[in-house]
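A.B. asks: Build the 3D model from these lines:
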Amino acid sequence: MIKAREEPVKYMMLVCADEATELSPEEGAQMGPLTEAWVEEMDRRGIRLEGDRLRPVSDATTVQVRGGEVMIADGPFAETKEQIAGYDIIDCADLDEAIEVASRHPVAPFGKIEVRPFWVE
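C.D. replies: Numbers count the residues shown, from 1 in each chain. Okay, here's the model as predicted:
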């Protein structure tokens, strides 16, 4: 029996991967179709509201303001191996469903998927 949602929760799913990770030619060839299949399934289920890939960290600009001065730097704000490669906004019944959705993302086997709820007042 499918349980009706009482109050769906929006989550930001941050898709994180090390840009230096080298997939085999077969794995690389499968990423597009696997991602398309995941997107189609989540869209069909009414879970995925929006999402996209992000350009590499070499195209990032970090902006901060200190003492009224705008400072910019090339690259990401954190020096880590894994970077945010993409995002999805999902609408789930609860954290358990969000974890199930994230665990099925094609990047999960070699990267990380951070699932974070939106702030609700």
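
A.B. asks: what pairs with M12 across the strands?
C.D. replies: I89, R116 (DSSP bridges).

A.B. asks: Contacts only, for it.
C.D. replies: Contacts here follow CB atoms under 8 Å, 6 or more residues apart in numbering; on that basis M12 touches 87-89, 115-118. From N, CA and C alone the C-beta is placed, and that goes for glycine too.

A.B. asks: So in the protein, which helix runs the longest?
C.D. replies: helix 25-44 (DSSP state H).

A.B. asks: Next secondary structure element downstream of that helix?
C.D. replies: With elements assigned by DSSP states H and E, the helix or strand that comes after helix 25-44 is strand 48-53.

A.B. asks: Going by neighbour count, which residues in that following strand are buried?
C.D. replies: 48, 51 (16 or more other CB atoms under 10 Å).

A.B. asks: Run through who's touching that strand.
C.D. replies: By CB under 8 Å, 6+ apart, strand 48-53 touches 10, 13, 39, 42, 85-91.

A.B. asks: circling back to that earlier point, can I get the contacts of M12 in TSV with distance to P106 and neighbour count?
C.D. replies: Shown next, in TSV, are these (distance: CB to CB, whole Å; neighbours: other CB atoms under 10 Å):
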residue	distance to P106	neighbour count
Y87	14	16
D88	12	23
I89	18	14
V115	16	17
R116	20	10
P117	23	13
F118	24	10
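
A.B. asks: List just the nearest of these to P33.
C.D. replies: Nearest to P33 out of those is D88 (CB to CB; 17.4 Å).

A.B. asks: contacting residues for the closest one?
C.D. replies: By CB under 8 Å, 6+ apart, the contact list for D88 reads 12-13, 15, 42, 48, 50-51, 105.

A.B. asks: Tell me the one among these nearest to L95.
C.D. replies: Closest to L95, out of all of those and judged by CB to CB, is M13, at 12.0 Å.

A.B. asks: so who does the closest one touch?
C.D. replies: 51, 87-90, 98, 101-102, 105, 113-115.

A.B. asks: and E22, what does it touch?
C.D. replies: For E22, counting by CB under 8 Å, 6+ apart, there are no contacting residues.
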